[in-house]
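K.L.:
all I have is the shape, not the residue letters:
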């Protein structure tokens, strides 16, 4: 087991955002966390990343209790977040954004990894000297993922990677997520596009108003009548 949340509670003022969330992510998996807006999906990732403080419960990463550790510590450990909305640096070039992803690294493989990002995302190579803010939405998402991969993650957390993207671009993004997993990086995926997320997931969880209500393999959740009714529509 790479990541385990044990009875995690997070509150904002008087609002209880997470009410005892427990999930597991095993090494080499894609795990999808699905749910409606406001269910607590992003809060879960922010708590894991050290951006939100847990009120109670534990976060274990490779057996170590990392609850309450700062975000920089999480990055050093290999827990990397691709945030919702991408949050690339618009007034910097594509190349500069990629280099920022490696800001905590001291090894000599940064340039080689930049070339690997260009191989994974050929459009980024074509636009290496272009200001990131002028990229299309799909290209910005690719840059956000590439920047995260430059941190050499052990666990890559992705918050709504398909948000606002055209269907063909969404298909590319989910194909890339598979490729990332196949390269040895474990993935925790937060998605409102439940159909696409569960199709690539080894396992999944359903989060409703701060609580896990269902869990199973991606295939099991895809065929679950309650999941289909609530999240999959007629797809």
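P.N.:
Sure, I can see it. Everything numeric here is computed off the predicted structure, so don't read it as measured data.

K.L.:
how about the helices in the chain?
P.N.:
When secondary structure is read from DSSP state H, the chain shows helices at 41-49, 71-77, 94-100, 110-120, 122-126, 137-149, 167-182, 194-200, 218-223, 225-227.

K.L.:
could you check the angle the fourth one makes with helix 137-149?
P.N.:
Read it as helix 110-120. Orientation check (axes from the mean of the first three to the mean of the last three Cα atoms, to 10 degrees): helix 110-120 against helix 137-149 gives 150 degrees.

K.L.:
contacts for helix 110-120?
P.N.:
95, 98-99, 102, 124-125, 128, 146, 149-150, 152, 176, 179 (Cβ atoms under 8 Å, 6 or more residues apart in numbering). Yep, even glycine has a C-beta here, placed from its N, CA and C like the rest.

K.L.:
over to the last one?
P.N.:
Residues lying outside helix 225-227 but in contact with it, judged by Cβ under 8 Å, 6+ apart, are 34, 194, 198, 206, 214, 221.

K.L.:
could you turn the buried ones of those into a PyMOL selection?
P.N.:
Those of the contacts of helix 225-227 that count as buried under 16 or more other Cβ atoms under 10 Å are selected in PyMOL with:
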select buried, resi 34+194+198+206+214+221
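
K.L.:
in JSON lines: the contacts of helix 225-227, plus distance to residue 15 and pLDDT.
P.N.:
As requested, the contacts of helix 225-227 are exported to JSON lines (distance: Cβ to Cβ, whole Å; pLDDT from 0 to 100):
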{"residue": "34", "distance to residue 15": "21", "pLDDT": "94"}
{"residue": "194", "distance to residue 15": "24", "pLDDT": "90"}
{"residue": "198", "distance to residue 15": "28", "pLDDT": "95"}
{"residue": "206", "distance to residue 15": "21", "pLDDT": "95"}
{"residue": "214", "distance to residue 15": "23", "pLDDT": "95"}
{"residue": "221", "distance to residue 15": "27", "pLDDT": "95"}
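
K.L.:
adding distance to residue 85, write the contacts of helix 225-227 out as JSON lines.
P.N.:
Below are the contacts of helix 225-227 laid out as JSON lines (distance: Cβ to Cβ, whole Å):
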{"residue": "34", "distance to residue 85": "19"}
{"residue": "194", "distance to residue 85": "20"}
{"residue": "198", "distance to residue 85": "23"}
{"residue": "206", "distance to residue 85": "23"}
{"residue": "214", "distance to residue 85": "27"}
{"residue": "221", "distance to residue 85": "26"}
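
K.L.:
residues near residue 101, how many?
P.N.:
Neighbour count for residue 101, taken as other Cβ atoms under 10 Å: 25.

K.L.:
pretty sure it contacts residue 145?
P.N.:
No - the pair residue 101 and residue 145 fails to qualify as a contact (Cβ atoms under 8 Å) at a distance of 9.8 Å.

K.L.:
residue 160: which of the contacts of helix 225-227 is nearest?
P.N.:
residue 34 (10.9 Å; Cβ to Cβ).

K.L.:
wouldn't the closest one be in contact with residue 199 here?
P.N.:
No - Residue 34 sits out of contact with residue 199 when judged by Cβ under 8 Å, with a separation of 11.6 Å.

K.L.:
so for stretch 64-76, what's the average pLDDT?
P.N.:
For stretch 64-76, mean pLDDT is 93.

K.L.:
can you give me the buried ones in that stretch?
P.N.:
66-67, 69, 74-75.

K.L.:
what of stretch 19-35?
P.N.:
21, 23-25, 29-35.

K.L.:
can you measure across that stretch, start residue to end residue?
P.N.:
15 Å (Cα to Cα, to the nearest Å).
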